[in-house]
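Chemist: what follows is a predicted structure for the sequence shown.
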There are 2 protein chains.
Amino acid sequence: MSSLKGFSIACVQRLPNYLSYLKIKRYQGIENISTVTMANDLNLTQILVKKDLQQVSSIEGKPNVGFCVKRLIKDIESFLGFDNTKDAVLVGAGKLGSVLLSYKGFEKYGLNIVAAFDNNPDIIGAESGGIKVFDIAKLPNLVRRMSIHIGIITVPKQSAQSICDIMTDAGIRAIWNFAPIVLNVPDNAVVHNEDLAASLAVLSKKLKEVLD
Amino acid sequence: MSSLKGFSIACVQRLPNYLSYLKIKRYQGIENISTVTMANDLNLTQILVKKDLQQVSSIEGKPNVGFCVKRLIKDIESFLGFDNTKDAVLVGAGKLGSVLLSYKGFEKYGLNIVAAFDNNPDIIGAESGGIKVFDIAKLPNLVRRMSIHIGIITVPKQSAQSICDIMTDAGIRAIWNFAPIVLNVPDNAVVHNEDLAASLAVLSKKLKEVLD
DNA sequence: TAGATTGTTAATCGATTAACAATC
DNA sequence: TAGATTGTTAATCGATTAACAATC
């Protein structure tokens, strides 16, 4: 839970919400928007939105007018790095892996999955979501040759750490982990967990609260 | 981001990690465990683990010994409500929905998906992961009859809010939302978002940082 | 007894909220 | 000009870390 060079993780997590909201507004032809309006529509407090936008906006908002929608979109995209495409590989082309492979929305976030890997001979050689599945043994070579920095892990938890090791050895620096296990990586790499169990815990606790 | 009746959300999110870790230890025949060992294995600080366990443990840890593994497991499960099974329905039996329907791990977290719904005639009547898919029109009746409190939304974002309304009208109090949109619910209901875009934003930002 | 590990209280750090002056 | 909305500074709140006495 460390901070991100002066930027709060909480803020970074809200930015994609702002982004998709602002894109709708842009589509509707709205040129300027106030933090008050945004906060109302997104169920957030106005002060929080104001603070967040202040952090990422390259120009100041105008009193009595708000922020320029188009400009905000560009600023958020560049702040998050969504404007420059990053190649990624995925390991584990099973059910969950296939969903991610066929999800076309990642390019919006600058993520481009170039290849998938598996160790199951039945899957190797096939295509999933238009992306070819290779033998896991071929990962290091491809990752090095294309200098890929991002790896997505959708394998069972038993093999997650060994896949993680293969990835970091091959030069991958950021891992998006869907396996329910704590991964150890070298200091020059980062892990981000997609943790359904943690989510369910929060949901379960919230439900308990609201049922009282 | 409000707190959960005195318990921090951050702590609640860590608890499932502790839980799966402790289950492995139990399987290995380990009876007691110290917060120091746990912290090392889980890449957390010892003080944080100590504080977390203090909040949920029904009995005190023993100096020089640590906590009783079996007892901790029970305490965490009951704290999170994982020990009493809760029925749920899922709407949107497409790709992502099917993954969730065939995932057998939810029962560990006390979640039991009893039925799925969709509006696509091609899917209605079929089974996915052993769970039958019904016409969405049948949701209110079934939810009321079985007093189901949890709804999972895996539909495209365009229809997410209307599905959400149908759910809350039928008496659902907690929604696990996989659609990338902010849902509005009545005061007596809660939403928890599974937000891939937010995750990707954090990953992207972390990667930027580590590449510098 | 000595060492490890706990529980408790205080300090720090980060994120959110509040207050208010500045300005279009 | 008056009102809306911004930017800035201070206050609060929550989560994490530090320090230390208690105890098995």
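Modeler: Thanks, I have the structure now. Residues are numbered from 1 along each chain as shown, chains lettered A, B, ... in the order given.
Chemist: from the chain's centroid, how far away is stretch A:80-97?
Modeler: In terms of C-alpha atoms, centre = their mean, to the nearest Å, the centre of stretch A:80-97 is found 9 Å from the chain centre.
Chemist: so what would you say the end-to-end distance of that stretch is?
Modeler: End-to-end span of stretch A:80-97 (C-alpha to C-alpha, to the nearest Å): 24 Å.
Chemist: buried sites along that stretch?
Modeler: Within stretch A:80-97, the residues that count as buried by 16 or more other C-beta atoms under 10 Å in any protein chain shown are A:80-82, A:86, A:88-93, A:95-97. Heads up, the C-betas are built off the backbone N, CA and C, glycines and all.
Chemist: I'd like the mean pLDDT over it, please.
Modeler: Regarding stretch A:80-97, the rounded mean pLDDT is 96.
Chemist: that stretch near chain B anywhere?
Modeler: Yes: contact of stretch A:80-97 with chain B (C-beta under 8 Å from any C-beta of the partner chain) involves A:80-82, A:86, A:95-96.
Chemist: just the closest of those residues to B:Ile9, please.
Modeler: Distance ranking of the residues of stretch A:80-97 next to chain B against B:Ile9, using C-beta to C-beta, places A:Leu80 first at 23.0 Å.
Chemist: just give me the residue right at the centre of chain A.
Modeler: What sits nearest the mean C-alpha location of chain A, by C-alpha atoms, centre = their mean, is A:Tyr109, with 7.2 Å.
Chemist: A:Ile172 touches A:Val143, doesn't it?
Modeler: Yes: the pair A:Ile172 and A:Val143 qualifies as a contact (C-beta atoms under 8 Å) at a distance of 6.1 Å.
Chemist: what do these two both touch?
Modeler: Residues within reach of A:Ile172 and of A:Val143 at once, by C-beta atoms under 8 Å, 6 or more residues apart in numbering or on different chains, are A:89, A:151.
Chemist: A:Val99 - how many residues pack around it?
Modeler: With neighbours defined by other C-beta atoms under 10 Å in any protein chain shown, the count for A:Val99 comes to 19.
Chemist: what do you get for A:Ile9?
Modeler: Other residues within reach of A:Ile9 by the criterion other C-beta under 10 Å amount to 16.
Chemist: any idea which element the nearest residue to it once chain neighbours are set aside lies in?
Modeler: Nearest in space to A:Ile9, with sequence neighbours left out and distances taken as C-beta to C-beta, 6 or more residues apart in numbering or on different chains, is B:Val202 at 6.2 Å. With the criterion set as DSSP states H and E, the secondary-structure element containing B:Val202 is helix B:196-211.
Chemist: right, and A:Ile179 touches A:Ser162 too?
Modeler: Slight slip there: residue A:179 is Ala, not Ile. No: counting by C-beta under 8 Å, A:Ser162 is not a contact partner of A:Ala179; they are 11.1 Å apart.
Chemist: of those two, who's got more company?
Modeler: Ranked by neighbour count (other C-beta under 10 Å), A:Ala179 and A:Ser162 place A:Ala179 first, with 22 against 11.
Chemist: now do the same contact list for that one.
Modeler: A:153-157, A:160.
Chemist: got it, and A:Phe134?
Modeler: With the criterion set at C-beta under 8 Å, 6+ apart, A:Phe134 makes contact with A:115-118, A:124, A:142.
Chemist: got it, and A:Ile163?
Modeler: For A:Ile163, the contacting residues are A:91-92, A:136, A:153, A:155, by C-beta under 8 Å, 6+ apart.
Chemist: save the contacts of A:Phe134 as CSV, and put in distance to B:Ile131 too.
Modeler: Converted to CSV, these look like this (distance: C-beta to C-beta, whole Å):
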residue, distance to B:Ile131
A:Ala115, 33
A:Ala116, 27
A:Phe117, 30
A:Asp118, 26
A:Ile124, 30
A:Leu142, 38
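Chemist: now A:Asn177: phi and psi?
Modeler: phi -100, psi 120 (degrees, to the nearest 10).
Chemist: could the contacts of A:Phe134 go into JSON lines alongside neighbour count, distance to DNA strand C and pLDDT?
Modeler: Compiled in JSON lines, the contacts of A:Phe134 are given as follows (neighbours: other C-beta atoms under 10 Å in any protein chain shown; distance: C-beta to the nearest atom of the strand, whole Å; pLDDT from 0 to 100):
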{"residue": "A:Ala115", "neighbour count": "20", "distance to DNA strand C": "34", "pLDDT": "98"}
{"residue": "A:Ala116", "neighbour count": "28", "distance to DNA strand C": "34", "pLDDT": "98"}
{"residue": "A:Phe117", "neighbour count": "27", "distance to DNA strand C": "35", "pLDDT": "98"}
{"residue": "A:Asp118", "neighbour count": "23", "distance to DNA strand C": "37", "pLDDT": "98"}
{"residue": "A:Ile124", "neighbour count": "18", "distance to DNA strand C": "42", "pLDDT": "97"}
{"residue": "A:Leu142", "neighbour count": "15", "distance to DNA strand C": "36", "pLDDT": "98"}
